[in-house]
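**Student:** okay, structure incoming, though there's no sequence with it:
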């Protein structure tokens, strides 16, 4: 069995069939593109093309955690290029990052992984919680990132919580492995209290905790239907999201095992990792859509305020009319901030 620590030392073979001359030519072209600090925008392609499966062939990096769970990790692009590591949210998978893989893999090393229990990653035997999120991300970084080529870390929703939990648990790794962080559509605590998914009368300013816990813990199987699609759009996206964006997110959410949705939802109900923000000692941006119901802008503003107090805030971006799936609903704006952080 290969551990994540051992995976770091696995050598990468390069096929010589294409010839040395061709390899040099390709390398020069890639180098020229990288100097541009550019990425593919939605306006550079056919409509919705960035939502499609990437044409790049990924390397699969073996990562096995201390409790024996195998994490599915994919690296797109040149492994020697500047790395960008993406951590997805609850009920999603590494496929959630197709718009970012398509935008960045030509010029950068793009690392994505399935969170424990999601996609092709095992759920393992450990009780789920922020420590597991932190340890799994640490294992992924150990297998894909080195101190001589630091990564930009990008986390959406639970993926952002993974990054913050990791910073709280491994503060010495933050500056050693990371140059900047983007926390998107995420929070450190009060997930149930602050949600606006369930509209309440004015006399009830907060969702009752027992009700919120039941919603998050639900493991009811979801089936494709107009009702399901409407529910996913209402809960996680803005009214103005397109049919293609909704269909993209619906497919990913429906692929999540109901048990995974339930056990991770239960693990997040009482999450509180706000103290970890003091360890985010690299430039850190916070991004949120103004129409986000799951992690409303109040969370982003609290994050930004805390990061600013510690001197770590790079930017707070509130994107008008965008819902929780910000990296899908506002691809260019989201990717522009990733690019800005990568270029710092």
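**Tutor:** Arrived safely. Note that the coordinates shown come from a computational prediction; the quantities given were computed from them, not determined experimentally.

**Student:** output the below-cut-off pLDDT ranges for this structure.
**Tutor:** Residue ranges of the chain with pLDDT under 70: 1-36, 190, 192-222.

**Student:** would you map the strands across it?
**Tutor:** With strands called from DSSP state E, the chain shows them at 59-64, 70-76, 83-87, 109-113, 151-156, 178-184, 284-289, 313-319.

**Student:** and these as CSV, adding mean neighbour count and distance to residue 240?
**Tutor:** C-beta here means a position set from N, CA and C on the backbone, and glycine is covered the same way. Output for the strands of the chain, formatted as CSV (neighbours: other C-beta atoms under 10 Å; distance: least, C-beta to C-beta, whole Å):
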stretch, mean neighbour count, distance to residue 240
strand 59-64, 18, 37
strand 70-76, 22, 30
strand 83-87, 27, 24
strand 109-113, 28, 27
strand 151-156, 28, 19
strand 178-184, 25, 18
strand 284-289, 27, 10
strand 313-319, 18, 11
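
**Student:** can you redo the ones you listed as a markdown table with distance to residue 303?
**Tutor:** As requested, those are exported to a markdown table (distance: least, C-beta to C-beta, whole Å):
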| stretch | distance to residue 303 |
| --- | --- |
| strand 59-64 | 28 |
| strand 70-76 | 26 |
| strand 83-87 | 16 |
| strand 109-113 | 23 |
| strand 151-156 | 12 |
| strand 178-184 | 6 |
| strand 284-289 | 5 |
| strand 313-319 | 8 |
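
**Student:** what's the closest of those strands to residue 162?
**Tutor:** strand 83-87 (4.8 Å; C-beta to C-beta).

**Student:** for the closest one, packing partners?
**Tutor:** Strand 83-87 sits against helix 98-104, strand 109-113, helix 130-144, strand 151-156, helix 158-169, with contacts defined as 3 or more C-beta pairs under 8 Å, 6 or more residues apart in numbering; DSSP states H and E.

**Student:** just checking, what packs against the third one?
**Tutor:** Contacting helix 130-144 under the criterion 3+ C-beta pairs under 8 Å, 6+ apart are the following elements: helix 4-7, strand 59-64, strand 70-76, strand 83-87, strand 109-113, helix 158-169, helix 171-177.

**Student:** how about the fourth one?
**Tutor:** Strand 151-156 makes packing contacts with strand 83-87, helix 158-169, strand 178-184, helix 331-343 when contacts are defined by 3+ C-beta pairs under 8 Å, 6+ apart.

**Student:** between helix 130-144 and that strand, find me the angle.
**Tutor:** 140 degrees (axes from the mean of the first three to the mean of the last three C-alpha atoms, to 10 degrees).

**Student:** and for strand 151-156, what's in contact with it?
**Tutor:** 82-89, 92, 96, 100, 111, 141, 144-145, 161-164, 177-186, 326-327, 338, 341-342 (C-beta atoms under 8 Å, 6 or more residues apart in numbering).

**Student:** 7 Å instead, please
**Tutor:** By C-beta atoms under 7 Å, 6 or more residues apart in numbering, the list of residues contacting strand 151-156 from outside reads 83-89, 145, 162-163, 177-186, 327, 338, 341-342.

**Student:** quick one on the thing from earlier: distance to residue 226 added to the helices and strands packed on helix 130-144, as a markdown table?
**Tutor:** Converted to a markdown table, the helices and strands packed on helix 130-144 look like this (distance: least, C-beta to C-beta, whole Å):
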| stretch | distance to residue 226 |
| --- | --- |
| helix 4-7 | 42 |
| strand 59-64 | 36 |
| strand 70-76 | 31 |
| strand 83-87 | 31 |
| strand 109-113 | 30 |
| helix 158-169 | 27 |
| helix 171-177 | 45 |
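
**Student:** for stretch 237-245, measure first residue to last.
**Tutor:** 9 Å (C-alpha to C-alpha, to the nearest Å).

**Student:** what does stretch 122-129 give?
**Tutor:** 15 Å.

**Student:** buried ones in that stretch?
**Tutor:** Within stretch 122-129, the residues that qualify as buried are 122-124, 126, 128-129, counting by 16 or more other C-beta atoms under 10 Å.

**Student:** name all residues that make contact with residue 59.
**Tutor:** By C-beta under 7 Å, 6+ apart, the contact set of residue 59 is 75, 79.

**Student:** and it, what are its bridge partners?
**Tutor:** residue 75 (DSSP bridges).

**Student:** so how far is residue 145 from it?
**Tutor:** 14 Å (C-beta to C-beta, to the nearest Å).

**Student:** just give me the neighbour total for the residue lying closest to residue 264 once chain neighbours are set aside.
**Tutor:** In this structure, residue 264 finds its nearest non-sequential neighbour in residue 90, 5.5 Å apart by C-beta to C-beta, 6 or more residues apart in numbering. Per other C-beta atoms under 10 Å, the neighbour tally for residue 90 reads 22.

**Student:** so residue 90 versus residue 284, what's the distance?
**Tutor:** For residue 90, the distance to residue 284 - C-beta to C-beta - is 21 Å.
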